[in-house]
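Peer 1: Below are the sequence and a predicted model; questions follow.
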Amino acid sequence: EAGVTQFPSHSVIEKGQTVTLRCDPISGHDNLYWYRRVMGKEIKFLLHFVKESKQDESGMPNNRFLAERTGGTYSTLKVQPAELEDSGVYFCASSGGRGRVSVLNTEAFFGQGTRLTVV
Amino acid sequence: DAKTTQPNSMESNEEEPVHLPCNHSTISGTDYIHWYRQLPSQGPEYVIHGLTSNVNNRMASLAIAEDRKSSTLILHRATLRDAAVYYCILRDGWTSYDKVIFGPGTSLSVIP
C-alpha cells in the first residue's frame, strides 16, 4: 500500500512568487494534516482536514497560506506570495477513521516532506 | 493538550539498550501516550503508543509508570539507524478529532 506522498520534494522560489505543495494521503484516510518545520525550530501544526472540511486551521501563519482538499482526497497548500520566512520543510500526514472511537488507536502516517526555499 | 518533558539529547552505544524518559505529570485519564521519531531527512514516523499497560512491538517497548505521570521508550538494541529525534506526545482519546503536537523531543545519538 502506498504511503503518504508529497510533491515536489524540493522547491526553490523567489520571494513574491507562488508555490503550491501537494499531498496525497493514504487511500481511505479521512484525516489529513499539514505541518511545517522551520530550520532550528520544532515541527508546528498548521491545519487539519476531515475529508474536505477544515477541522482546525489554528496553526496557519497568515492569509498568504491557503489549503484545500477538494473531494476529500489529495490536498494542496498554496503560499502566495512567498516570503523568506516561509522557508522550511512542510510535512503532510494522514490518519484513518473518524470520530471518537478511531482516535483511540489512530496513528498518523507522515510523508517525506517538501523542502521549500524562498530566496 | 497536556505537555510532556523530555531530555534534549541522549547518547547510546550501538547494540546496547536505550531508555528514553518522558515526564507527563499533568496527564489526564483519557490521554494516550504516543511516541514518534524523525530520522534525518525523513518525515516523522509512529513508534508505539499505550494507555496504562506496558506495550511491545517490533520497534520498541513502552513502559508506563503506575501513576501514568511518566513513561519510558525502550530500544532493546540500538542501531545506527535508530539515531533520530524521539517525540513523546499525549493524545486525547476522547476528542472527536485530534492532531499530533510535537515538542522539541530527544535527539538520540548512537555511537558505533
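Peer 2: Perfect, thanks for sending it.

Peer 1: Is residue 75 bridged to anything, and to what?
Peer 2: Chain wasn't specified; assuming chain A. A:Cys23 (DSSP bridges).

Peer 1: right idea, wrong chain: chain B
Peer 2: According to DSSP bridges, beta-bridge pairing links B:Leu75 with B:Val18.

Peer 1: and whatever residue of chain A ends up closest to chain B, what are its phi and psi?
Peer 2: Evaluated by C-beta to the nearest C-beta, chain A has A:Phe110 as its residue closest to chain B, separated by 3.5 Å. Heads up, the C-betas are built off the backbone N, CA and C, glycines and all. Dihedral angles of A:Phe110 (phi, psi; degrees, to the nearest 10) stand at phi -100, psi 150.

Peer 1: Assign B:Thr26 to helix, strand or coil.
Peer 2: Three-state assignment for B:Thr26 (DSSP: H, G, I helix; E, B strand; the rest coil): coil.

Peer 1: For chain B, give me the ranges with low pLDDT.
Peer 2: B:1-2, B:94-97 (pLDDT under 70).

Peer 1: which bits of chain B sit near chain A?
Peer 2: B:32, B:34, B:36, B:38, B:42-46, B:49, B:91-105 (C-beta under 8 Å from any C-beta of the partner chain).

Peer 1: Report the separation between the nearest residue to B:Pro112 once chain neighbours are set aside and B:Arg77.
Peer 2: Residue nearest to B:Pro112 in three dimensions, not counting chain neighbours: B:Glu14, with 5.2 Å by C-beta to C-beta, 6 or more residues apart in numbering or on different chains. Using C-beta to C-beta, to the nearest Å, B:Glu14 is found at 8 Å from B:Arg77.

Peer 1: so what's the residue of chain A closest to chain B up against?
Peer 2: A:Val4, A:Phe91, A:Cys92, A:Ala93, B:Gly43, B:Pro44, B:Glu45 (C-beta atoms under 8 Å, 6 or more residues apart in numbering or on different chains).
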